[in-house]
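[1] Provided below for reference: sequence and predicted model.
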Amino acid sequence: MGKAMITAEFEGVALTPEELKRFDIFADVQEALLKKFPGTVRRREFEPGEVVCRQGEGGTTAFYIVEGRCRIFIARPEEERRRGRGGLIARIGALFGQPRLAASPKHDPDKLVPIDATVDLVYGRLASTLGPGDVFGEMSCLNYAPRSATVVAETPCVMLEILRNMYETLMRSKTFKSRMDEIYRQRALDNHLKNVWLFEGLPRDTIEKLKQSAELVSFDAGTTIFQEGDQADGMYLIRRGQVRVSKTFPGGERRLAYLTRGDCFGEIALLRKGVRTATCVADDHPVIEGSAKRPPSRVELVKIKTDDFNAIVAAFPDVRARLEILAERRLTEQVEARVMITPTVHSRRVEELGLIQGQNLMIIDLEKCTRCDQCAQACVAAHDDGLSRLIREGPRFDKYLVPASCRMCLDPVCMIGCPVGSIRKAKDLNIVIEDWCVGCGKCARQCPYNSIQMHPLERIRKSDSESTRTLAESGEVIEVTDRAVVCDQCTDLPTGPACVYACPHDAAQRVNARDFLGAHRHPAPHPSSIRETSMRA
Amino acid sequence: MLLDRKQTAWVSFSVLAGAAAAVAYLFDPEARLNANGHEGSSWVGLALGVAALAIMLFCSALSLKRKVPHWRLGRAQTWLRGHVWLGLLSVWLIALHSGFKTGGALTQWLWVLVALVSVSAVFGLTLQQFIPRLMLHSVPGETLAQQIQRQLNNLRDFAEQTVITYAGSLDTPAPEWEPVPSPVPAATADAAAPNPQPAPSDPAPASAKGQKSETSVNTAGAEPLRRFYIEHARAYFAGEESPLHSSRTAESLFTALRTMTPAHVHQAVDDLEFLCERRRQLIRQRALHRVLCSWLIIHVPVSWLLLVLVFIHAVFALKFSSR
């Protein structure tokens, strides 16, 4: 499942402090610091067509382009995916209004796809060009995040490959920082602002004005950006890193969301001219078992000041209307969250299995289940990629099996650290994986309940996409890679989850764990509940 | 399908429909005038036959519905309940339709097939009342039925690896053990620790995956383990005749093995015993699963054959009917 998180490749010619000083980005870095980390910057040369890094692979370095041009892109699965089951039956079903579910939702071509580079991509065109002065691989370097995109040299390229300690030194350099800020303002901020749902349709000059007035700020991981109840002083847009949104209820803290590059927060309080309704913390990536320990990273944000925000809201009624809708929705979510956080005491077994996390937990009554596998078959049949989101294996609780299927956790840790922001929580609390998933497997590794499966998929389009050709010419075509697949609760099916609908024995159920466990507070100890049953080969 | 209170509506409907059919049969005016009594060709008999045929078509449609489980054709539970209770009702309707007569060769065959379908269905329904519960209790390490063979192969490999880890090799005898008071070998300390539960998705005990070999190669005293594996366990894991098939015999054999081996080998004995128990459970699961599905071998093909013959019967009956 997935790939190794970290690759140890660090090739090329190591540069001496004297050689580094010749590059302007190192100009104001103290020589002592350059000497402190010898060999942490290497000069790399790439021929046209050569692959610098591949999406989904592990990486620990950032690249600074000195000369040349390269193409950065995300390869997406073919539009016509392999059909696992269906074919004729699926077509007949479609004729009679029995459609299958799309593996991933479709978006507008302008939808932002955040990547780990000084540019971002859009859904309609998952490719862009990087040139001298551009940087990519920052998050891999600082957070050991998997590579978010494939980079292929288009012309002969010279790059500096930089390890974390030197990159952090660089980030403290005023020259480098101001250059990065400038590039960000020029190349990415525009896209980010346009992709903020609230600012959709704003005139070009307003966006330009916002770009200039926006303040670029950064926070150390773990720092509270603002606390619930604080007076609002602006809204934020995430430039780099991750932000955790949480709210305190009488029963404890509830994590509402993990936001990533391109997401915005803090707008509700501005609209209401009041105080913050949730706490936002600069979040760090969780330490994956087996990976090296590392110091915390930083989160970089774009702050839109209250005055600018108010001016936009006053000038554009559309923006105000959208804000009202958003505010209403968030407040409803918070009320729902309050209901969910009601404190209850559960057995150690329930705690161990993390059942309480499940807002829509799938359980199978093993006294009724005849192991006919209709649930898993229905899951396959209901999705147009022919992949099952349900594995009928997992731990047992009392007479119930808790199969590996998304539980819609209260704290969706699977969302943490996706290098391309392709995993998100939908309005109905579902976890959705977008089709630009790069198959790094990070979400699958982070899910504590094995509910995200990595499936091999054909990655390269058969059409004559330029990026494909470039890769093919380099002789390094990746024909098959993985894609993360998670249960979508069949929300688009009027019948509800196909697994439950298709169970002929009334054995499969979807329950809210709190309600269900509340009703089964003291289940009789069952001999079979002593052991886990999962025996995946 | 468990027979519980949720079936009440279907049972009531079937009983009432059956009773209504019986009343219609008893008060069939044509039967009173006919010297042969009740016949399928009377209006009432025909209506009962058509109703039975409609139910049979509905019952057959269940297997087609299973091909498209997500289509909006009604919940699978409803279909199955209808299948069971209406299916039983259809037997009663067929009996009324035939006037409780066996008729000619074709109808006699039809009766045989109806009997086979009904008996297999009742048998299947009976199995479903207790086999899932039995599996729940007796196979805590249950896996997917399709994975059983693979799991069995894995267990065999893990067992062999466990013995090789502790005994060095299966081909050469392990050296004899001489007690050394100190220092305490790492393996002894391990042996004192409780047997860790395997993590989910991992049927192998820790030592079976080679971790042990990195820390300890103390093979002294493992000869009884090696011999035990060669004489009993290897055949057991290969699916051949072995005393380990019986859990009681296995328990006593493993107890005896523990007395013959030094403490640092006990972890391996525990692991091997665990793997044997795991295998026993998988074999039990396979057997129970086969029994649970056994009735389908008769029920499904015979049902289709019955349907074909019923159509032939209907065509012939209507063609040569005096009506």
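    Perfect, I can see it now.

[2] alpha carbons only for contacts and neighbour counts from here, please
    Fine.

[3] Output the set of residues of the stretch 351-500 of chain A in proximity to chain B.
    Listed as neighbours of chain B in the stretch 351-500 of chain A under the rule CA under 8 Å from any CA of the partner chain: A:366-370, A:374, A:377-379, A:381-382, A:392-395, A:399, A:495, A:498.

[4] Just the buried ones from these?
    With neighbours counted by 16 or more other CA atoms under 10 Å in any protein chain shown, these contain buried members at A:366-370, A:374, A:377-379, A:381-382, A:392-395, A:399, A:495, A:498.

[5] Among those residues, name the ones in helices.
    Taking DSSP state H, the ones among those that sit in helices are A:374, A:377-379, A:381-382, A:498.

[6] how about the host helix or strand of residue A:90 as PDB, C-alpha atoms only?
    Taking DSSP states H and E as the definition, one finds residue A:90 inside helix A:88-95. Extracted in PDB, the C-alpha atoms of helix A:88-95 (Å, rounded to 0.1, in the frame of the first residue of the first chain):
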ATOM      1  CA  LEU A  88     -23.700  -3.800 -20.400                       C
ATOM      2  CA  ILE A  89     -25.700  -4.000 -17.100                       C
ATOM      3  CA  ALA A  90     -24.500  -0.500 -16.100                       C
ATOM      4  CA  ARG A  91     -25.600   0.900 -19.500                       C
ATOM      5  CA  ILE A  92     -29.000  -0.700 -19.200                       C
ATOM      6  CA  GLY A  93     -29.300   0.600 -15.700                       C
ATOM      7  CA  ALA A  94     -28.400   4.100 -16.900                       C
ATOM      8  CA  LEU A  95     -31.200   3.900 -19.500                       C
END
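
[7] which other helices and strands contact the following helix or strand past it?
    Remark: after helix A:88-95, the chain's next helix or strand is strand A:112-113, criterion DSSP H and E. Packing contacts for strand A:112-113, counted by 3 or more CA pairs under 8 Å, 6 or more residues apart in numbering or on different chains; DSSP states H and E, involve strand A:121-122, helix A:190-195.

[8] who touches the last one?
    Spelled out, that is helix A:190-195. A:110-112, A:120, A:199-202, A:207-208, A:211, A:237, A:262 (CA atoms under 8 Å, 6 or more residues apart in numbering or on different chains).

[9] Retrieve the pLDDT associated with residue A:176.
    Residue A:176 carries a pLDDT score of 83 in this model.

[10] Quick check: buried residues in the helix or strand hosting it?
    Here residue A:176, judged by DSSP H and E, is contained in helix A:174-183. For helix A:174-183, the neighbour count (16+ other CA under 10 Å) marks A:175-176, A:180-181, A:183 as buried.

[11] Write the PyMOL selection for whichever of the contacts of helix A:190-195 are buried.
    Buried subset of those, written as a PyMOL selection, criterion 16+ other CA under 10 Å:
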select buried, chain A and resi 111+112+120+199+207+208+211+237+262
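
[12] What residues are bridge-paired with the nearest residue in space to residue A:253 that is not next to it in sequence?
    Leaving out its chain neighbours, the residue that sits closest to residue A:253 by CA to CA, 6 or more residues apart in numbering or on different chains is residue A:247, at 5.7 Å. As for beta bridges, residue A:247 partners with residue A:254 under DSSP bridges.

[13] how deep is residue A:247 tucked in, by neighbour count?
    Residues near residue A:247, counting by other CA atoms under 10 Å in any protein chain shown, number 18.

[14] how near is it to residue A:278?
    Note on residue A:247: its distance to residue A:278, by CA to CA, to the nearest Å, is 5 Å.

[15] For the two, list the residues in contact with both.
    In contact with both residue A:247 and residue A:278: residue A:228, using CA under 8 Å, 6+ apart.
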